[in-house]
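Enquirer: this is a predicted model, with the sequence first.
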Amino acid sequence: MSTSYTVRDSATMLRRNLLHIRRYPSLSIMLIAQPILFLLLFVYVFGGTLGAGLPGRQGGGGRGDYLVFITPGILIMTVASVALGTAISTATDMTTGIIARFRTMNIARAAVLTGHVLGAVLKTGFAVVIVTGFAFLLGFRSEAGPLGWLGAIGLLVLIAFSLTWLTVGLGLAADSVETASNTPLFLVMLPFISSGFVPTDAMPAGLRQFAEYQPFTPMINSLRALVTGAQAGSDLWLAIGWCALIALLGYLWSRRLFLRVPAK
Amino acid sequence: MGGMTATDPAIEIVGLTKFYGDHAVLDGVDLTVPEGTVYALLGPNGAGKTTIVNILSTLLAPGEGEIRVAGFDVRREPAGVRAAIGVTGQFSAIDELLTGRENLRLMADLAHLDRAPRYRAGRHRAQNRATATAAVTVMLKRFDLVDAADRRVQTYSGGMKRRLDLAMTLIARPRVIFLDEPTTGLDPRSRRDLWAIVREQVADGVTVLLTTQYLDEADQLADRIGVLDGGRLVAEGTAAQLKRRVPGGHVSVRFTDAARLAAAAATHPGAASNAEALTLQLPHDGSIAGLRRVLDSLAAGGVGDDGIAGLTVGTADLDDVFLALTGRVSEAPASGVPATEAPVSRAPVSEGISA
């Protein structure tokens, strides 16, 4: 199997997944609506109070400051939310007979999965643009330069890529579509126990350590630094490292599951 | 690197054994299918038919044995096998969210139709040069799907889905086709359409291995038939050869009362009788003379025409083949009633006569 066929077959599978998204938009809309609802909830319901507790400002900040603070966390949550959808669509795909057909065809073995991942990354990009636009609409302003935004886009793509390989694995490992829609929920919950919604300093000891060392914290910290024009520093390398690790393990796991003989 | 030469058989299986735990699903199967012929694997559910198809199509690893498809070893050269084969299974392998046209296009693209493949030769080459789009249009026409081409497959009927499924298999112009119970659940017309398509493929030099529970399907299509039972090939041959090993068929005679049934049963030991239905099932070669002999033998035993309420003539079916070849009744769902209880008639029934 030559490399050109791998690329070509993956492109064919990507086209298939984009058609699925177009034919079945309700899932995508739901997954994008969820982070937007959280954004509205946190800014307008909790934002006044939470903003006052933000450190580094005289007498705390306001609702506007809190919007700036949580936008990176909401963006990561958007990525996680779309990744959850990928687990569902992968699991759904595995229940159809066409996967068996693909396996009997002379196509690149991983193309089916690559198609899912590439489709999900594109969908994430779309979702992130909408959610970012929404944040701007609510009053989000940034001092980041083009380089900062470029870095933010790169980081988000990387996070989307790694989380998607993980959820493809979760989708393949699930014995039903229902399971696949539940197991990745931790990805949507984890950003809450990170630096995404409140500074980790405000948490009690055990929880704080967890929040500081879990992968979403360096991701959110570096994203926050990039979109506000600050220095990301070591957090960025830590985030990239986590992404590489999650992507690699997710890919190897998914590949193994996919090549496994269907238990029919 | 393998590959088929002019003299190689399209499918060659030597000593195929496959275990699931301690249970042998396939137990020493040997089978050869020459290029351009149809081979039918006949057997009930659980005989191992689908397992053989899954192994030949590289979905399942073989246990022991040498298996070559289109000259490629399924273990060592699965890519070569996959490039040569097409598979249509029992369950539709189509993308329900896409339209018929999009499904075919997907297959054409995955088969890299617009590139000249090196592994195909001869008469197919000109067709391969055609673009994927052209191939899709041809298949839509040929499988009578033009009107539904841009509708989502979810809205298709069962017969349409099966046609699309087969079109998706054939668009890549495979040299060896596996059809796993291709007509199960199809209406008689769709079944005949599918048979016609299979014959066209064979006329083009394609090799077909199909599995079926229906003797008449194997009879209609196959050059050779293998009877699979409990993972073993218990008989193999042409339809005519197999039928010679089967006691032709049967005639089921229904009597007017239990006394006459008992009298007839007494003179025909070995024939299966059904006290409830008042029937006796007797071997019959299918001829009129044979039928007359059956009636004469009953009359000689004291049961004349006035004691017979009716009779049904049945042709040899899978049950008969199984009974003859394995000495026991098959578990095919088509049969329903075990032969020891002597059903009044068993499908397919060629004619019914009432007194």
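Expert: Thanks, I have it.
Enquirer: residues of the stretch 101-250 of chain A that sit close to chain B?
Expert: Contact residues, the stretch 101-250 of chain A versus chain B (C-beta under 8 Å from any C-beta of the partner chain): A:R101, A:F102, A:R103, A:T104, A:M105, A:N106, A:I107. C-beta here means a position set from N, CA and C on the backbone, and glycine is covered the same way.
Enquirer: now with 7 Å?
Expert: Within the stretch 101-250 of chain A, the residues that sit near chain B (C-beta under 7 Å from any C-beta of the partner chain) are A:R101, A:R103, A:T104, A:M105, A:N106, A:I107.
Enquirer: farthest pair in the residues you listed?
Expert: A:R101 and A:N106 (12.0 Å; C-beta to C-beta).
Enquirer: what's the burial count for B:V251?
Expert: Applying other C-beta atoms under 10 Å in any protein chain shown, we find 22 residues neighbouring B:V251.
Enquirer: let me fix that, I meant to ask about B:G46.
Expert: Neighbour count of B:G46, defined by other C-beta under 10 Å: 14.
Enquirer: tell me which element it is part of?
Expert: Following DSSP states H and E, there is no helix or strand that holds B:G46.
Enquirer: tell me how far B:A222 lies from B:Y39.
Expert: For B:A222, the distance to B:Y39 equals 6 Å [C-beta to C-beta, to the nearest Å].
Enquirer: now swap in B:G310 and tell me
Expert: For B:G310, the distance to B:Y39 - C-beta to C-beta - is 40 Å.
Enquirer: now swap in B:A134 and tell me
Expert: From B:A134 to B:Y39 the distance is 32 Å (C-beta to C-beta).
Enquirer: so which of these two has more stuff around it?
Expert: Counted by other C-beta under 10 Å, B:A134 and B:Y39 do not tie: B:Y39 has more neighbours, with 23 against 14.
Enquirer: wait, B:L140 touches B:A148, no?
Expert: No - between B:L140 and B:A148 there is no contact under C-beta atoms under 7 Å: 8.7 Å.
Enquirer: now the common contact residues for the two.
Expert: B:G100 (C-beta atoms under 7 Å, 6 or more residues apart in numbering or on different chains).
Enquirer: number of residues surrounding residue 30?
Expert: All of this refers to chain A. A:M30: 11 surrounding residues under other C-beta under 10 Å.
Enquirer: chain B is the one I meant
Expert: By other C-beta under 10 Å, the residues close to B:D30 number 14.
Enquirer: what's the pLDDT at it?
Expert: B:D30 carries a pLDDT value of 95.
Enquirer: quick one on the thing from earlier: A:R101 and A:N106: who's more crowded?
Expert: Remark: of A:R101 and A:N106, A:R101 carries more neighbours, 25 against 22, as counted by other C-beta under 10 Å.
Enquirer: how about that one, secondary structure?
Expert: Each residue gets one of three states, and A:R101 gets helix by DSSP: H, G, I helix; E, B strand; the rest coil.
Enquirer: ok, now how distant is B:V153 from chain A?
Expert: 10 Å (C-beta to the nearest C-beta, to the nearest Å).
Enquirer: B:A40 looks like it's in a strand, true?
Expert: Yes - counting by three-state DSSP, B:A40 falls inside a strand.
Enquirer: Serialize the residues of the stretch 101-250 of chain A next to chain B to a markdown table and add fields for pLDDT and distance to B:G301.
Expert: Shown next, in a markdown table, are those (pLDDT from 0 to 100; distance: C-beta to C-beta, whole Å):
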| residue | pLDDT | distance to B:G301 |
| --- | --- | --- |
| A:R101 | 90 | 59 |
| A:R103 | 88 | 61 |
| A:T104 | 91 | 58 |
| A:M105 | 92 | 63 |
| A:N106 | 90 | 66 |
| A:I107 | 89 | 68 |
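Enquirer: among these, which one lies nearest to A:I153?
Expert: Checking those against A:I153 with C-beta to C-beta, the nearest one is A:I107 at 31.1 Å.
Enquirer: okay, and the nearest residue to the closest one once chain neighbours are set aside sits in which element?
Expert: Take A:I107 and drop its neighbours on the chain: the residue closest to it by C-beta to C-beta, 6 or more residues apart in numbering or on different chains is A:D9, 4.5 Å away. For A:D9, the element it lies in under DSSP H and E is helix A:3-23.
Enquirer: could I get the full set of strands for chain A?
Expert: With DSSP state E as the criterion, chain A has no strands.
Enquirer: so the longest helix along it, near chain B or not?
Expert: Using DSSP state H to define each element, chain A has its longest helix at helix A:63-94. No - judged by C-beta under 7 Å from any C-beta, helix A:63-94 and chain B are separated, with a smallest distance of 9.0 Å.
Enquirer: what's that helix packed up against?
Expert: Helices and strands touching helix A:63-94, by 3 or more C-beta pairs under 7 Å, 6 or more residues apart in numbering or on different chains; DSSP states H and E, are helix A:25-40, helix A:47-52, helix A:111-138, helix A:146-173, helix A:177-182, helix A:185-189, helix A:216-228.
Enquirer: any stretches of the chain with poor pLDDT?
Expert: Assuming you mean chain A. A:1-3, A:56-60, A:261-264 (pLDDT under 70).
Enquirer: I was thinking of chain B, sorry if that wasn't clear
Expert: B:1-7, B:114-130, B:246-248, B:315-320, B:322-323, B:326-355.
Enquirer: what lies in contact with the biggest helix by length in it?
Expert: Counting by DSSP H, the longest helix found in chain B is helix B:188-203. Outside helix B:188-203, the residues within contact range by C-beta under 7 Å, 6+ apart are B:G36, B:V38, B:G159, B:R162, B:L166, B:I177, B:P182, B:T183, B:L186, B:V208, B:Q220, B:L221.
Enquirer: pretty sure the second one is touching B:V208, no?
Expert: Yes - taking contacts as C-beta under 7 Å, B:V38 lies within contact range of B:V208: 4.5 Å.
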